[in-house]
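Colleague: Have a look; sequence and predicted model below, questions after that.
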Amino acid sequence: MKIIKRILLVLVGIIAVLLIVALFVSNDLVIEKEITINKPKQEVFNYVKYLKNQDNFSFWAMQDPNMKKAYTGTDGTVGFVTSWNSEKMGVGEQEIKGIAEGERLDFELRFKEPFEATDKAYMVTESVSENQTKVKWGFSSRMPYPMNLMCVFMKGELGNQLAAGLTNLKGVVEKQ
């Protein structure tokens, strides 16, 4: 009986420490990664503005070859939606919310399973030189207490996944 009480006390102590730590962790998860691609800015932008092209470079799109996808609207325009259904990657959709032609794309990500969330993402293209383009891929989310504790663990993992997607993008676009 003493062992069970000790185990319970240790578990309560761990939970209490985690809840206290969560009080000091930001509710905002903001990540931005960038890469330089050896192609002109307009050529890079014209590739990334089409959500269907993410199948060729996005870390997440490549995780499940059996992922079911559906599309609504005209790709590369505001309002275009791509949705996915995958045993590995869950269920959700991504919508183009804004386009500053040649400069920036804004997306809304709506996750439905295994959890519900609505987050923002964007891609920005900037000329470095006539034949070089810096691409920034950003993501932002807001998590309520105590779920904000996950921000500590997610930031590194999501950052690595964005960076992997950008590396894939560089390879795809530079081969064209």
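Modeller: Yep, it's here. Residues are numbered from 1 along each chain as shown.
Colleague: Number of residues surrounding residue 85?
Modeller: Number of residues near residue 85 (other C-beta atoms under 10 Å) recorded here: 17. (C-beta placed from N, C-alpha, C; glycine too.)
Colleague: doesn't it fall inside a strand?
Modeller: Yes. Counting by DSSP: H, G, I helix; E, B strand; the rest coil, residue 85 is found in a strand.
Colleague: Residue 41 against residue 124, yeah?
Modeller: No. Residue 41 sits out of contact with residue 124 when judged by C-beta atoms under 8 Å, with a separation of 10.5 Å.
Colleague: which of those two has more neighbours?
Modeller: A direct count of neighbours by other C-beta under 10 Å for residue 41 and residue 124 places residue 41 higher, at 21 against 18.
Colleague: Show me the shaky parts of the chain.
Modeller: Applying pLDDT under 70 to the chain flags the ranges 22, 148-149, 151.
Colleague: Who are the packing partners of the lengthiest helix in the chain?
Modeller: Longest helix of the chain, by residue count under DSSP state H: helix 150-175. Secondary-structure packing of helix 150-175 (3 or more C-beta pairs under 8 Å, 6 or more residues apart in numbering; DSSP states H and E): strand 28-37, helix 41-48, strand 132-142.
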